[in-house]
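Engineer: here is my input; please provide its structure:
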Amino acid sequence: MNATAATQAKPEPRPWLAHYPPAVPPEIGDPGTLADLIARACQTYGTRPAFESFGKAISFAETGRAARAFAAWLQAQGYRKGDRIALMMPNILAYPATIFGALLGGYTVVNVNPLYTARELAHQLNDSGARVLVVIENFAHVVEEAKPQLKIERVVVATAGDLMGFKGHIVNFVARRIKKVVKPFNLPGFVPLATVLAGSDAMTPVTVTPDDIAFLQYTGGTTGVAKGATLSHRNVASNVEQCGLWLGWALEPPLGRSDYQHVMVTALPLYHIFALTCCCLFMLRIGAKGLLIANPRDIAGFVKTLKASRFTLISGVNTLYNALANHPEFAQVNFDELRFAVSGGMATQAAVAKHWKAVTGRPIIEGYGLSETSPVATINRPDISEFSGTVGYPLSSTEVAIRDAEGHDLPIGESGEICIRGPQVMVGYWNRPDETAKVMSPDGYFRSGDIGVMQPDGQVRIVDRMKDMVLVSGFNVYPNEVEDVIATHPGVLESAVVGLPDEHSGEAVTAFVVRRDPALTADELRAFCKESLTGYKVPKQIFFREALPKTNVGKVLRRALREEVASKG
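Structural biologist: Residues are numbered from 1 along each chain as shown. Below is the predicted model:
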């Protein structure tokens, strides 16, 4: 389509506003800062339980005290506002306490996947310039392995039992002696987080502004090189406010129940932007309790926890909802108070949504966003009765445009790149102005790299991804990174990595390999990859070929490989 035609067919501005719930305004007000949000919640809801882990709950006041103690310790060590503090933990009580403490102190949080290998960890910590790392003891051995390459100054070691009192000793004993998930490590000079949190909470007050950087949320790109999406307090606080306006009216307590508290099942890891904003920070706004699930892969244990718990909200990805709904004991869970289930991170399959509603009686509400958008850009109305198959409407103060490769707006119903503008869109990529320029349009829209269609009422439907990224259970896998690791094997001549459909994880990492050594086996190559890649990045399938399809300039055609497999059924 030429530019003139695209301009003539430009859709009406913000058609979605006519379909907003009556209580939702088109624009948000001043969201303040995350430091304001944390301080206000810990004071307003002081005696309420804020988080629960392994059957132990701590109050908002207790969480606030621990957060201030962490901030005070950082200050006492000489760290200043703006310094990067890395956190490498699953969903345990120590995680929100340290996130909140860092934000209250004006520090920048660098969230780290605890499953990272030493190579991946070294890249992220060095790229971010993190000065302090808080790591759960289960993965401290990875830090030890990476230590020669790290510029980190202090290592703080947390445990699953921190902030749990006597019960914490039992939890740690089970982890170390019975389950044996804690490996020996040698990190001279490390500080136990328990020692830090037991110290004074008399932190020096810090003035935090909306423009201060709250998070470096690492994500990838077309090159596969992990980049830090720079998210300011304004970015993330705006998204919390947007979610609050969109969902808050549907979360009103039952009549006469001023003491009513929502409980969010927090199974998605808090180092992931979806859980961070929606399951943690947004819950502060409404005074809800976070039911922390440290290991959601243990579906039997997860279901057991749900059977013993009261909850009103749950968030997840397609694969998690599918696994839960298919567990034989899941139907025994009490769903009487469940208001809604929110899905994101990857496309929700209609069959999974249908099964979920048949078991729980509640539809899945799907949203869409990216690390670069803090993350929510669009979401279904919370009052839908059936799964919609769309990712809903743009949030307040958010504009979504569907554009062609030249950046022209496309007519309603035509597929193109989803572009997003709003206060939740990142400042840019950390120290990567060249990469930032590639994804930001001159008029301030973030180019998502995803292909979608806007419906006449303003709802967005995802069609496909422009990038070659593979999405495994909601986590991004970038082919170049996997190919780079494979290329270091002496028995490999060349390779190409693509994503193929998988009923369990949405997509599976698949490698097509041309061997240098004819004796090389798939098992051998897979074991080699496990030394340098997190488990979900390791190729699930490996196909050996005599050659790879390429363009006339030598670029491997990944699309041709995907089509080849699809054609064979």
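Engineer: which residues in the stretch 101-250 of the chain form helices?
Structural biologist: 118-128, 140-146, 166-173, 193-197, 233-248 (DSSP state H, counting those that start in this stretch).
Engineer: okay, those helices in a markdown table with mean pLDDT next?
Structural biologist: Converted to a markdown table, those look like this (pLDDT from 0 to 100):
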| stretch | mean pLDDT |
| --- | --- |
| helix 118-128 | 96 |
| helix 140-146 | 98 |
| helix 166-173 | 96 |
| helix 193-197 | 98 |
| helix 233-248 | 97 |
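Engineer: reformat those helices as a markdown table; add mean neighbour count.
Structural biologist: Where you see a C-beta, it was placed from the backbone N, CA and C, and this is true even at glycine. Formatted as a markdown table, the helices of the stretch 101-250 of the chain follow (neighbours: other Cβ atoms under 10 Å):
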| stretch | mean neighbour count |
| --- | --- |
| helix 118-128 | 20 |
| helix 140-146 | 20 |
| helix 166-173 | 14 |
| helix 193-197 | 20 |
| helix 233-248 | 24 |
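Engineer: looking at the ones you listed, which is closest to Glu52?
Structural biologist: Judged by Cβ to Cβ, the one of these that comes nearest to Glu52 is helix 166-173, at 11.5 Å.
Engineer: so, low pLDDT: which residues of this protein?
Structural biologist: Low-confidence segments of the chain, defined by pLDDT under 70: 1-12, 220-224, 465-466, 551-555, 569.
Engineer: which residues of the stretch 151-300 of the chain fall in strands?
Structural biologist: All strands of the stretch 151-300 of the chain, identified by DSSP state E, counting those that start in this stretch, fall at 154-158, 191-192, 213-219, 227-232, 263-266, 289-292.
Engineer: adding distance to Arg176 and mean neighbour count, write those strands out as TSV.
Structural biologist: Formatted as TSV, these follow (distance: least, Cβ to Cβ, whole Å; neighbours: other Cβ atoms under 10 Å):
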stretch	distance to Arg176	mean neighbour count
strand 154-158	13	23
strand 191-192	14	15
strand 213-219	30	24
strand 227-232	33	25
strand 263-266	24	24
strand 289-292	20	26
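Engineer: could I get the helices of the stretch 101-250 of the chain in TSV, plus columns for distance to Thr209?
Structural biologist: Formatted as TSV, the helices of the stretch 101-250 of the chain follow (distance: least, Cβ to Cβ, whole Å):
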stretch	distance to Thr209
helix 118-128	21
helix 140-146	32
helix 166-173	36
helix 193-197	26
helix 233-248	7
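Engineer: of all these, which one comes closest to Leu557?
Structural biologist: Proximity to Leu557 (Cβ to Cβ) singles out helix 118-128 among the helices of the stretch 101-250 of the chain, at 27.8 Å.
Engineer: gap between stretch 501-520 and the chain center?
Structural biologist: Centroid separation for stretch 501-520 versus its chain: 25 Å, with Cα atoms, centre = their mean, to the nearest Å.
Engineer: buried set for that stretch?
Structural biologist: Neighbour-count burial for stretch 501-520 flags Asp502, Ser505, Gly506, Glu507, Ala508, Val509, Thr510, Ala511, Phe512, Val513, Arg515, Leu520 (criterion: 16 or more other Cβ atoms under 10 Å).
Engineer: same list (those) but as CSV, adding distance to Cys529 and secondary structure.
Structural biologist: Listed next are those as CSV, based on distance: Cβ to Cβ, whole Å; DSSP: H, G, I helix; E, B strand; the rest coil:
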residue, distance to Cys529, secondary structure
Asp502, 17, strand
Ser505, 16, coil
Gly506, 20, strand
Glu507, 17, strand
Ala508, 14, strand
Val509, 9, strand
Thr510, 12, strand
Ala511, 8, strand
Phe512, 14, strand
Val513, 11, strand
Arg515, 15, strand
Leu520, 12, coil
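Engineer: quick one: the helices in the stretch 401-550 of the chain, in order.
Structural biologist: 433-439, 479-487, 522-530.
Engineer: need the winner for burial among these.
Structural biologist: helix 479-487 (a mean of 20; mean count of other Cβ atoms under 10 Å).
Engineer: how long is stretch 83-103 from one end to the other?
Structural biologist: 11 Å (Cα to Cα, to the nearest Å).
Engineer: same question for stretch 143-159.
Structural biologist: Taking Cα to Cα, stretch 143-159 runs 15 Å from one end to the other.
Engineer: for stretch 144-156, same thing?
Structural biologist: Start-to-end, stretch 144-156 (Cα to Cα) is 12 Å.
Engineer: ok, and the closest non-adjacent residue to Ile365?
Structural biologist: Asn380 (4.5 Å; Cβ to Cβ, 6 or more residues apart in numbering).
Engineer: give me phi/psi at the residue nearest to the spatial centre of the chain?
Structural biologist: For the chain, the residue nearest the mean C-alpha position is His272 (2.3 Å; Cα atoms, centre = their mean). Dihedral pair for His272: phi -90, psi 140, per degrees, to the nearest 10.
Engineer: contacting residues for it?
Structural biologist: Residues in contact with His272 (Cβ atoms under 8 Å, 6 or more residues apart in numbering) are Asn111, Gly345, Gly474, Phe475.
Engineer: how much space between the nearest residue to the first one once chain neighbours are set aside and Glu483?
Structural biologist: Going back to what we said before, that points to Asn111. Excluding the flanking residues, the one nearest Asn111 by Cβ to Cβ, 6+ apart is Tyr271, at 4.0 Å. Tyr271 is 25 Å from Glu483, where distance means Cβ to Cβ, to the nearest Å.
Engineer: same question, Arg176
Structural biologist: From Arg176 to Glu483 the distance is 38 Å (Cβ to Cβ).
Engineer: now do Ala214
Structural biologist: Taking Cβ to Cβ, one finds Ala214 at 33 Å from Glu483.
Engineer: hang on, Thr373 packs against Gln424?
Structural biologist: Yes - counting by Cβ atoms under 8 Å, Thr373 touches Gln424, with 5.2 Å between them.
Engineer: what sits in contact with each of those two?
Structural biologist: Asn239.
Engineer: for these two, indicate the residue with more neighbours.
Structural biologist: Shown here are Thr373 and Gln424; by other Cβ atoms under 10 Å, Gln424 has more neighbours (32 against 26).
Engineer: against Arg461, how distant is that one?
Structural biologist: Gln424 sits 21 Å away from Arg461, taking Cβ to Cβ as the criterion.
Engineer: re the thing from before, so which of the helices of the stretch 101-250 of the chain gets nearest Gly316?
Structural biologist: Evaluated with Cβ to Cβ, the helices of the stretch 101-250 of the chain place helix 233-248 nearest to Gly316, the distance being 16.0 Å.
Engineer: can you report how many residues lie near the closest residue in space to Tyr445 that isn't next to it in sequence?
Structural biologist: Spatial nearest neighbour of Tyr445, chain neighbours left out: Cys419 (4.0 Å); criterion: Cβ to Cβ, 6+ apart. Each residue near Cys419 was counted by other Cβ under 10 Å, and the total is 24.
Engineer: wait, Cys419 touches Ala401, no?
Structural biologist: Yes - between Cys419 and Ala401 there is a contact at 4.6 Å, judged by Cβ under 8 Å.
Engineer: intersection of neighbour lists for these two?
Structural biologist: Jointly contacting Cys419 and Ala401 under the rule Cβ under 8 Å, 6+ apart are Tyr445.
Engineer: can you report phi and psi for Lys307?
Structural biologist: Dihedral angles (degrees, to the nearest 10) for Lys307: phi -60, psi -30.
Engineer: sorry, wrong one. I was asking about Leu93.
Structural biologist: According to degrees, to the nearest 10, Leu93 has phi -60, psi -30.
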